[in-house]
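Enquirer: here is the input, now give the coordinates:
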Amino acid sequence: MTDTTNGATGRNGWNIGLWVAQALLALMYGFAGFNKLTQSMEALGAMGMSYALDYPEMLTRFIGTVEVLGAIGLILPALTRILPRLTPLAAVGFSVIQVLAMGVHISRAEFSVLPMNLVLLALSLFIVWGRTKKAPISPR
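Expert: A predicted model of the protein is given here:
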């Protein structure tokens, strides 16, 4: 049996897991951000984002913009290997968004969404750790 924890295959496994996490987060945040940018506040409220009806529209649009840019930041720098250090920074930004989102949901007694917030936070932190410590991507 071959030890793959420290060899190229072990690093490859981490790399695959990190790419999957990056793709999942990029899809989730890209979709959510796109909706926040393109839908009316009433439509967002009907989709379950009731906070959109209670906060200024510009805040929701700003969050949507940050989510779309962050989704791009999770994929593009790592894929092109141009400034790949931006990928873990995008994940840090999503970690901050999730901590703030949890605060909003707790203050509104919306406890049913907290498990999803925790999953997204864990994936974000996994990417931060993985892309800085376990399987960083080298720049060109």
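
Enquirer: every contact and neighbour count from this point should use C-alpha atoms.
Expert: OK.

Enquirer: low pLDDT regions in the protein?
Expert: Counting by pLDDT under 70, the ranges of the chain that qualify are 1-9.

Enquirer: can you rerun that using 90?
Expert: For the chain, the stretches with pLDDT under 90 are 1-12, 50.

Enquirer: what about the helices in it?
Expert: All helices of the chain, identified by DSSP state H, fall at 8-38, 41-46, 57-80, 86-107, 114-129.

Enquirer: of those, which is nearest residue 138?
Expert: Taking CA to CA, helix 57-80 is the member of the helices of the chain nearest to residue 138, at 8.6 Å.

Enquirer: these two touch, right, residue 53 and residue 43?
Expert: No - with contact defined as CA atoms under 8 Å, residue 53 does not reach residue 43; the gap is 9.5 Å.

Enquirer: re the thing from before, so which of the helices of the chain gets nearest residue 140?
Expert: Here helix 57-80 is closest among the helices of the chain (CA to CA), at 8.3 Å.

Enquirer: what helices or strands is that closest one leaning on?
Expert: Counting contacts by 3 or more CA pairs under 8 Å, 6 or more residues apart in numbering; DSSP states H and E, helix 57-80 packs against helix 8-38, helix 86-107.
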